[in-house]
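> Predicted coordinates and the sequence they were generated for:
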Amino acid sequence: MTTWEYVTVPLLVHATKQILDNWGSDGWELVQVVPGLTPENLVAYLKRPINAPGASA
């Protein structure tokens, strides 16, 4: 059975792709994006398997 770790990441609308590409290169998979506190901000929920290379134990 796969065990997951999760992280929430603030996203700026003008840099969304760059931010997600950066997290994705570290093995994180995007689960969902929800509105943040202001219209310029979003919050991304990401996950990755705990046994992935570079993941914390």
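That came through, no problem.
> Now stretch 18-29: average pLDDT?
Across stretch 18-29, pLDDT averages out at 97.
> does Pro35 have beta-bridge partners, and which?
Leu42 (DSSP bridges).
> Is it correct that it is in contact with Leu42?
Yes - using CB atoms under 8 Å, Pro35 is in contact with Leu42, at 6.3 Å. Placement of C-beta: from N, CA and C, glycine included.
> all helices for this structure, in order.
Here the chain has its helices, by DSSP state H, at 16-25.
> what residue is smack in the middle of it?
Leu46 (3.4 Å; CA atoms, centre = their mean).
> how about that one, what does it touch?
6-9, 23, 28-31 (CB atoms under 8 Å, 6 or more residues apart in numbering).
> Tell me what it is bridged to.
Beta-bridge partners, per DSSP bridges, of Leu46: Val7, Leu30.
> what's the burial count for Asp26?
Neighbour count of Asp26, defined by other CB atoms under 10 Å: 13.
> and it, how far is that from Leu20?
When distance is defined by CB to CB, to the nearest Å, Asp26 is 11 Å away from Leu20.
> about what we covered before: now do the residue nearest to the centre of the chain against Val9, distance only.
6 Å.
> same question, Lys47
For Lys47, the distance to Val9 - CB to CB - is 11 Å.
> which residues do Leu46 and Val9 both contact?
Going by CB under 8 Å, 6+ apart, residues that sit against Leu46 and also against Val9 are Trp23.
> contacting residues around Thr2?
49, 51.
> measure it to Pro10 for me?
Thr2 is 26 Å from Pro10, by CB to CB.
> now Trp28
14 Å.
> cool, Pro49 as well?
Counting by CB to CB, the gap from Pro49 to Pro10 is 23 Å.
> Also Arg48?
Counting by CB to CB, the gap from Arg48 to Pro10 is 18 Å.
> same deal with Ser25?
18 Å.
> what about those two, which has more around it?
Pro10 (11 against 8).
> Show the contacting residues for the more buried one.
36, 41-44.
> Low-confidence stretches in the chain?
Applying pLDDT under 70 to the chain flags residues 52-57.
> If we use 90, what do you get?
1, 12-14, 36-41, 51-57 (pLDDT under 90).
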